[in-house]
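Asker: What follows is a predicted structure for the sequence shown.
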Amino acid sequence: MAQFYNKPYTNREGASVPDSRKKMQGSVTAEAALTLPLFLFAILSLIYILEIQAIRLTVSSAAQGAAKAAAEDMAVLPVFNPIKMKSDLVQIIGSERLERSIVEGGSSGIHCWRSWYESDSGVIHVELDYKVRLPFPKFTNMGMKCRDSFLVKAWNGYKNSELDSDSGKIVYVTETGGVYHTNYQCNYLKLSIRFVPYSGMSDLRNEAGGKYHACEQCVHGGASAGVYITDYGNKYHNSLNCSSLKRTVYSVKKGECQGMSACSKCGQ
């Protein structure tokens, strides 16, 4: 009669291993199979948390820089533009970096439309809203909403005793102009460019009643069929890119405008 018996479990050296050790080895294998995924998930979660904190710090720092620029612009034109502030914010961070970040929607996913300017106190209330993606499948549409808010005092000019004198007042000048302006909205500071036929130039007059003459910078060898003129200028131009048609306005102290006379329209 044949006899059946269990073959003893042996290790690498050929020695038999007790049943209790076999159970222990099986338990260690099961624990390792469960612990390793949990450990990797914990590491990935920590990395993602650090990434979220990094992007929040980046957006907050860029927003403060954009808000500072908006506060400085308020000294020239007391109108707050949240669209420009967002554009400055994206430029500071970099649109390519935002598109590759965990911010949902990239640069278009950051919203500043809740920001507003309090004219009574001269304070800009900045509020940012955006959403960051979480490490879950896209179909779950799971993310974390982020909001950052702070206050910025709008810059409204110099605050020292020098402004009490007439030389400390803020006036506006251009790069090539020979006069200073007391009103930023002066028509002489705004270029209203028109395209007109050159054949009718002899009959046209500017707002001061003067004739138009050829621009020395862009009219060479005769004017083209159509030229560009401005309401308060005295030149006609062949090119819309002529530097004379571009104007940069600076705000300076009146005391720095030595040798310059006041504008006949706004300086009286």
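Answerer: All right, it came through fine.

Asker: For stretch 258-268, buried residues please.
Answerer: Of all the residues in stretch 258-268, those buried under the rule 16 or more other Cβ atoms under 10 Å are Met260, Cys263, Lys265, Cys266, Gly267. Every C-beta, even on glycine, is put in place using the N, C-alpha and C of the backbone.

Asker: Outside of it itself, list whatever touches it.
Answerer: The set of residues external to stretch 258-268 that reach it, using Cβ atoms under 8 Å, 6 or more residues apart in numbering, is Val173, Gly177, Gly178, Val179, Tyr180, His181, Thr182, Asn183, Cys186, Asn187, Tyr188.

Asker: hey, C-alpha coordinates of it in CSV?
Answerer: Extracted in CSV, the C-alpha atoms of stretch 258-268 (Å, rounded to 0.1, in the frame of the first residue of the first chain):
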residue,chain,number,x,y,z
GLN,A,258,12.8,125.0,-15.8
GLY,A,259,12.5,127.0,-19.1
MET,A,260,9.1,125.5,-19.9
SER,A,261,5.9,127.6,-20.1
ALA,A,262,2.4,126.6,-19.1
CYS,A,263,0.0,125.1,-21.6
SER,A,264,-2.2,127.7,-23.1
LYS,A,265,-5.2,125.4,-22.7
CYS,A,266,-4.9,123.9,-19.2
GLY,A,267,-2.1,125.9,-17.6
GLN,A,268,-4.0,129.2,-17.2
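
Asker: from the chain's centre, how far out does that stretch sit?
Answerer: 36 Å (Cα atoms, centre = their mean, to the nearest Å).

Asker: Now do the strands in the stretch 151-268 of the chain.
Answerer: 170-174, 179-180, 193-197, 213-214, 226-230, 235-236, 249-253, 261-262 (DSSP state E, counting those that start in this stretch).

Asker: Please narrow the contacts of stretch 258-268 to those residing in helices.
Answerer: Nothing among those maps onto helices, per DSSP state H.

Asker: Generate a ChimeraX selection restricted to the buried entries among these.
Answerer: Remark: buried members of these, expressed as a ChimeraX selection using 16+ other Cβ under 10 Å:
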select :173,179,180,181,182,186,188
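
Asker: quick revisit: nearest to Leu89, of the strands of the stretch 151-268 of the chain?
Answerer: strand 249-253 (24.0 Å; Cβ to Cβ).

Asker: Sheet partners, orientation included, of that closest one?
Answerer: If you go by DSSP bridges, strand 249-253 pairs up with strand 170-174 (antiparallel).

Asker: Enumerate the positions of the strand it pairs with that are buried.
Answerer: In strand 170-174, counting by 16+ other Cβ under 10 Å, buried: Ile170, Val171, Tyr172, Val173.

Asker: Show me what counts as buried in stretch 228-244.
Answerer: Per 16+ other Cβ under 10 Å, stretch 228-244 contains these buried residues: Tyr228, Ile229, Thr230, Tyr232, Gly233, Lys235, Tyr236, His237, Asn238, Ser244.

Asker: Closest one of the residues you listed to Phe39?
Answerer: For the buried residues of stretch 228-244, the nearest to Phe39 is Ser244 (69.5 Å; Cβ to Cβ).

Asker: Next, name the residue at the spatial heart of this protein.
Answerer: By Cα atoms, centre = their mean, the chain has its centre lying nearest to Asp88, at 1.8 Å.

Asker: can I assume it sits in a helix?
Answerer: Yes. Per DSSP: H, G, I helix; E, B strand; the rest coil, Asp88 lies within a helix segment.
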